[in-house]
Structure formats: structure tokens, C-alpha cells
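Undergrad: give me coordinates for this.
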Amino acid sequence: MANFIDFTAQYADLVPARPIEHLGNTDLSFGGRIEPPLKIHEDGGEQGCGGKVWAAGELLCEYLIDKSDSDGFLSLSSQTLKAKGLYTNILELGSGTGLVGICAGFLARSRNIQARISTTDIDNLIELMSTNTKLNGLEKFVFPETLMWGEPLNPKFEADASNNIDLVLAADCVYLEAAFLLLEKTLLDLTEGEHPPTVLMSYTKRRKADKVFFRHIRKHFEVITVTDFDRYEHYKLKRTHLFHLVRLQ
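TA: Just a heads-up that it's a prediction; the model follows:
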């Protein structure tokens, strides 16, 4: 555990700087399915790679849009994910701009779904997530909070909390090899209860090193490729995939 904590203290330094290329507000309607479009502010690299919109985040948004209706999140999904009306306490890991959680908040508001969405990341990204939440008027649905991978969970996110997390969303979290163990530990902590949450993870394949992460988590999770969405082939060409992680008992 000490190794996790020591490593977490350096976590912010792991986020690489990038050229100023994604700066300002982006409108995302996902082919007209979100109206008015979501407004997402990107920070131009000020906080590293977390402050931009990634393809994996767009994929996860599209899946939520396609598979959710007034009966609840994922109510139109395949049988393994379908849980009518049960996904009401949602946690997004590594939120960055907050896009996926904000999309979930928009759906909750527009489709009358009762839900609370926590967007989480390192301290430095809370302001950006808060800005984007306010840009979309979703303060009653989306709550930006700090969650450092590898550290003990906030009691409200623990598996034995009175209001359990029932859906975990993670978009492009498999990005920095140095953070793989931290992410794995947090996923294990979130799913250690008797009734673990559903975990959906979208991911863009970039390096052979990514296999290390998935090899490790297969010791604890069944990794199921999700293909039941309209633009599966489109994202596959972008090497971007969606997985359902099922905790092994």
C-alpha cells in the first residue's frame, strides 16, 4: 500500500504537457442527438492530457445516448448490461473535461432519469470540470470531486456505503503506463462489495504496453468487448473500443 501512496504523491507530475491545440469551447451534438449541444471547454494543455476531448470519451457518450431512455441508463442495452431503473448513482473515473459525466447528466435531465453523477479526477482538473458542468447548467445532476487513483476511497464511494455506486464509467484512463497499478487498485476498491457496480471502460489502443494493464486486470475481471452500438465499426477503425468489466468472485 505504501508504494501506491508514494506513487500517488507524484501523480500530477505524470501528466505530460502537450502543444496548445485544443483551447476554447467545443459544441458536441453527436449527430444531432443532443440538443442543445453540449458545451465543453478545453484548456489547451494547461493541465496536461486531461483537458481535451478524446475519441474514447465520445464513444462512451454515444453508447449512453444510444442505450438510455426514460426507463433509465442502459435500459436499451444488451441483457448483460440492462438493469432497468437501477443505475442512479454514477461515478466517472479520470473525467478530465467531465464530458462523459456531463453527457450522463444531460440525459438524466432531458429523459427524466433520477441520477447523481460524480465526475472525478486529480485536484488540478476540478476547476475545469466545474466550469463545464456550469456551462451546461447541470449543477443539480453532476458533481465534480477529487479522486486520486490508488488512494483510499472517499467513504461515499466505498462498496459498503449506504448509497452504493452502481455504474462506473472510464474513458481513456489506460493512457499512462506509470498509472496502471493505481487505476487497477481503484477499480478493485470500487468493485469489492457483494454487489459490485457495472463498469464500462472505453479505450484507444496506442501502445503495446497497454496489454500490461489488461493482462493484470484479467486476474480480477472478465473483460467483455461491447459491440452492440451503431458506430462500432467507425470506432474500431480508430482503434477505440468499449469494454464491460465484470468482477470475478
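Undergrad: which parts of this protein are strands?
TA: Applying DSSP state E to the chain gives strands spanning 23-28, 38-43, 89-93, 116-121, 142-146, 167-171, 198-204, 221-225, 240-247.
Undergrad: so for Ala108, which of these sits nearest?
TA: Nearest to Ala108 among the strands of the chain is strand 116-121; the distance by CB to CB comes to 7.0 Å. C-betas here are computed from N, CA, C, even on glycine.
Undergrad: quick one: the residue most central in space within the chain and Lys208, what's the gap?
TA: By CA atoms, centre = their mean, the chain has its centre lying nearest to Ala170, at 2.7 Å. Plainly put, Ala170 is 21 Å away from Lys208 if you go by CB to CB, to the nearest Å.
Undergrad: how many neighbouring residues does Met201 have?
TA: For Met201, the neighbour count with other CB atoms under 10 Å is 26.
Undergrad: an error on my part: the question was meant for Leu187.
TA: By the measure other CB under 10 Å, the count of residues near Leu187 is 23.
Undergrad: a markdown table for the strands of the chain, including distance to Glu127 and mean pLDDT?
TA: Shown next, in a markdown table, are the strands of the chain (distance: least, CB to CB, whole Å; pLDDT from 0 to 100):
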| stretch | distance to Glu127 | mean pLDDT |
| --- | --- | --- |
| strand 23-28 | 15 | 75 |
| strand 38-43 | 9 | 90 |
| strand 89-93 | 16 | 97 |
| strand 116-121 | 11 | 97 |
| strand 142-146 | 8 | 98 |
| strand 167-171 | 20 | 97 |
| strand 198-204 | 24 | 95 |
| strand 221-225 | 32 | 95 |
| strand 240-247 | 28 | 96 |
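Undergrad: to Cys103, which of these lies closest?
TA: strand 38-43 (6.3 Å).
Undergrad: neighbouring strands for that closest one, and are they parallel or not?
TA: The pairing partners recorded for strand 38-43 under DSSP bridges are strand 23-28 (antiparallel).
Undergrad: ok, which of the strands of the chain comes nearest His234?
TA: Nearest of these (CB to CB): strand 240-247, 8.9 Å.
Undergrad: which other helices and strands does the closest one contact?
TA: Judged by 3 or more CB pairs under 8 Å, 6 or more residues apart in numbering; DSSP states H and E, strand 240-247 is in contact with helix 55-67, strand 198-204, strand 221-225.
Undergrad: quick one: closest of the ones you listed to Asn164.
TA: Closest among the helices and strands packed on strand 240-247, once you apply CB to CB, is strand 198-204, at 11.5 Å.
Undergrad: quick one: that closest one to strand 167-171, angle?
TA: 10 degrees (axes from the mean of the first three to the mean of the last three CA atoms, to 10 degrees).
Undergrad: got the contact list for strand 198-204?
TA: Residues outside strand 198-204 that contact it (CB atoms under 8 Å, 6 or more residues apart in numbering) are 54-57, 59-60, 63, 74, 81, 83, 87, 166-174, 187, 190-191, 210, 221, 226, 238-247.
Undergrad: can we see that at 7 Å?
TA: Around strand 198-204, the neighbours that count as contacts under CB atoms under 7 Å, 6 or more residues apart in numbering are 54-56, 59-60, 81, 166-174, 187, 191, 238-245.
Undergrad: same thing with stretch 94-102?
TA: With CB under 7 Å, 6+ apart as the test, stretch 94-102 has contacts from 38, 40, 42, 50-53, 57, 60-61, 92, 117, 119-121, 125, 128-129, 132-133, 136, 138, 142, 144, 169-171, 173.
Undergrad: go through it and flag the buried ones.
TA: The neighbour-count check on stretch 94-102 (16 or more other CB atoms under 10 Å) flags 94-102 as buried.
Undergrad: how long is that stretch end to end?
TA: 13 Å (CA to CA, to the nearest Å).
Undergrad: give me the distance from that stretch to the chain's centre.
TA: In this view, stretch 94-102 has its centroid 7 Å away from the chain centroid, taken as CA atoms, centre = their mean, to the nearest Å.
Undergrad: please apply the same query to stretch 33-43.
TA: 17 Å.
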